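sequence and computational prediction follow.
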Amino acid sequence: MGHFLEFLSLGLVSMCLLWKGVRCVHEEYTIHAPDTVSVQEGLCVIIPCNFMYDTNAASSGSPLYGYWYEEGKWTEERPAVATNNKMKPIEDYARGRFNLSEEVENGNCSLIIRDAKETDEKKYFFRMEKEPDAKFSYIRPKYVQPFVNVTKLENPKIQMPGNLRAGHQVNITCIAPESCALKRPHVSWKGLPDQVKTGTRVTQANNFKDHISVFSFIPSAADDGQELTCQVTYGEEGQDPLYRNETVYLNVSYAPQKLRINAEVIRSNTSLQNYTNHVRLTVEECDTVVLRCEMEGNPLPIVTWQKIPQSSRFNETLDDELRLTNVTMQDEGEYECQAQNTEGSASVTFRLYVTSRGAWSPTVINGVIVGLVVIGVIMLIVAAILMYKKCEREGKVVIDVESYTEQKRICSINSPVAKECNSIGRNQEEGKNVSQAQEKMGKGTDEIYSEPDSVNYVSVIFIPREPHQKVTSENPPTEYAEVKKSQSSDFTRSQADI
């Protein structure tokens with residue numbers, strides 16, 4: 001039995017000596033890395049790693065190479081997923097996305113995975129090599145092999161207090177997973193109130209980093225129900241950007257406002273008319289009146305109706321709608337709608353007038369008054385027109401017939417040239433000047449009012465076409481002629497005793 005144990009020990013020692021690059025005593029070889037790291041699709045993750053090796057088995061002048069492999073058996077021909085050895089082949093799916101730390105010589109074996117994919121979810125192990133004999137794979141069960149957990153890319157999360165109150169400042173936060181990329185995620189807000197400033201910071205908890213954007217503002221009633229969106233953009237140079245967003249609707253509490261009363265009048269089971277935002281209304285006895293109180297408020301206000309003054313027919317009610325059936329004179333008065341919630345209260349009043357059946361309502365009375373006023377104005381206008389016409393008929397019109405040529409000549413009945421002037425006068429009666437006079441006389445025929453036998457006087461000036469004899473008198477006397485209105489003629493004829 002003792003010989004068997006001795007033989008077994010010698011066999012194990014021989015195997016250790018024959019296994020190139022691996023020593024049976026591994027106290028000099030250590031590694032520190034997490035068992036598991038998580039990353040969301042499209043983002044990047046760093047597996048922090050530090051290692052030590054047996055420096056006595058390595059030459060100081062030899063380069064130190066590090067390799068990351070998928071979990072499994074190592075062979076010299078197997079491609080790595082990341083290495084600093086340019087001669088080593090790389091897995092196709094990992095090329096350009098998996099990178100080993102550039103500080104391997106200092107014992108840094110950290111692995112960076114960019115643009116993580118679902119197929120990257122597996123275990124990986126690290127191996128180091130340095131000539132001549134320091135060659136070692138850090139594998140289980142003694143050494144850790146980190147597991148990469150890949151999850152779906154999540155939307156950012158918006159955090160806010162449970163209740164936003166109008167007029168009270170509040171902080172709203174958007175939280176997005178931080179990426180290990182050199183370019184941090186970009187957070188933008190949509191639907192922010194004007195003049196709101198945002199701030200960003202990065203926090204870390206449970207080995208996870210979060211990118212946080214926060215802003216403060218004072219909400220108002222107008223912000224209630226508004227859409228607020230937080231959008232996060234991931235990406236590096238040469239990589240298509242990834243967008244994720246989260247949308248919430250603001251729930252702002254505010255006191256009741258914009259109260260109004262709408263009324264409906266029902267007569268003989270028929271709705272007569274709806275009145276929107278009215279403050280007073282006149283109805284008849286036996287009508288049915290429906291008053292509806294409308295308002296805005298959050299949370300939904302509680303409505304209370306009360307009558308001023310109080311009536312034995314009316315009891316305070318808690319309902320948006322107040323229905324008055326078969327109204328009587330006792331129902332006349334003011335009705336107040338009061339709305340109240342946790343943020344405050346507001347009220348609005350409505351005046352109801354009730355008239356007896358058959359009686360004239362104020363509306364009808366006002367219509368009659370307006371009609372009478374209009375009729376009176378029309379009658380005054382007609383009377384004024386008739387008065388004006390009458391004045392025109394009773395007025396006396398004096399017609400002067402005047403003509404002008406290069407020289408004026410006044411013919412007197414007693415002048416030596418009376419015969420000539422008389423002839424000229426008769427010619428001019430038939431001529432243009434007399435025609436003009438007749439036209440004026442014709443227009444004024446109806447306007448000249450006198451007794452049939454009355455005598456009227458008119459000034460007549462005779463103007464010759466070509467004067468044959470100069471008149472010696474500088475101021476010729478004015479002659480008069482008797483003029484009588486002819487009943488059968490359209491114009492007045494003049495007769496002169498020459």
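Now that the structure is in, tell me what you want to look at.

who touches stretch 74-92?
65-70, 72, 94, 98-100, 102, 104, 111, 124-125, 127, 129, 137, 139 (Cβ atoms under 8 Å, 6 or more residues apart in numbering). Yep, even glycine has a C-beta here, placed from its N, CA and C like the rest.

break this structure down into its domains, please.
By the assignment in automatic domain parsing, the chain contains the domains 19-151, 157-250, 255-355, 361-390, 418-495.

least reliable of the ones you listed going by mean pLDDT?
Mean pLDDT per stretch puts domain 418-495 lowest among those, at a mean of 48.

which strand runs longest in this protein?
strand 252-267 (DSSP state E).

now the next helix-or-strand element following that one against strand 252-267, angle please.
Later in the chain than strand 252-267, the nearest helix or strand by DSSP states H and E is strand 270-275. With axes from the mean of the first three to the mean of the last three Cα atoms, to 10 degrees applied, the angle from strand 270-275 to strand 252-267 works out at 140 degrees.

what is strand 270-275 packed up against?
strand 252-267 (3 or more Cβ pairs under 8 Å, 6 or more residues apart in numbering; DSSP states H and E).

how does it look with 10 Å?
strand 252-267, strand 280-284, strand 288-298 (3 or more Cβ pairs under 10 Å, 6 or more residues apart in numbering; DSSP states H and E).

for the residue lying closest to residue 261 once chain neighbours are set aside, give me its contacts.
Spatial nearest neighbour of residue 261, chain neighbours left out: residue 350 (4.6 Å); criterion: Cβ to Cβ, 6 or more residues apart in numbering. Applying Cβ atoms under 10 Å, 6 or more residues apart in numbering, we find residue 350 in contact with 260-263, 275, 278-281, 289, 291, 293, 305, 322, 333-337.

so which of the contacts of stretch 74-92 are in strands?
Filtering the contacts of stretch 74-92 for strands - DSSP E - leaves 65-70, 98-100, 111, 124-125, 127, 129, 137.

any idea which of those has the most stuff around it?
Among those, residue 66 has the most neighbours (other Cβ atoms under 10 Å), with 26 neighbours.

give me the neighbour count for the spatially closest residue to that residue that is not a sequence neighbour.
In space, residue 66 comes closest to residue 104 once its chain neighbours are excluded; the distance is 4.3 Å by Cβ to Cβ, 6+ apart. Residue 104 has 22 neighbours, counted by other Cβ under 10 Å.

also residue 283?
Residue 283, neighbours per other Cβ under 10 Å, totals 22.

doesn't residue 329 make contact with it?
No: between residue 283 and residue 329 there is no contact under Cβ atoms under 10 Å: 11.1 Å.

now do the contacts for residue 344.
Residue 344 makes contact with 166, 253, 254, 255, 256, 257, 297, 301, according to Cβ under 10 Å, 6+ apart.

these two touch, right, the second one and residue 219?
Okay, so that is residue 253. Yes: using Cβ under 10 Å, residue 253 is in contact with residue 219, at 9.0 Å.

joint contacts of the two?
164, 165, 166, 167, 168.

mind putting those residues into a markdown table with neighbour count, distance to residue 54 and secondary structure?
A markdown table is the format used below for these (neighbours: other Cβ atoms under 10 Å; distance: Cβ to Cβ, whole Å; DSSP: H, G, I helix; E, B strand; the rest coil):
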| residue | neighbour count | distance to residue 54 | secondary structure |
| --- | --- | --- | --- |
| 164 | 21 | 64 | strand |
| 165 | 16 | 67 | strand |
| 166 | 19 | 71 | coil |
| 167 | 13 | 71 | coil |
| 168 | 12 | 66 | coil |
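
tell me the two of the residues you listed that are most distant?
164 and 167 (10.3 Å; Cβ to Cβ).

now for these two: what residues contact both?
218, 219, 220, 252, 253, 254.
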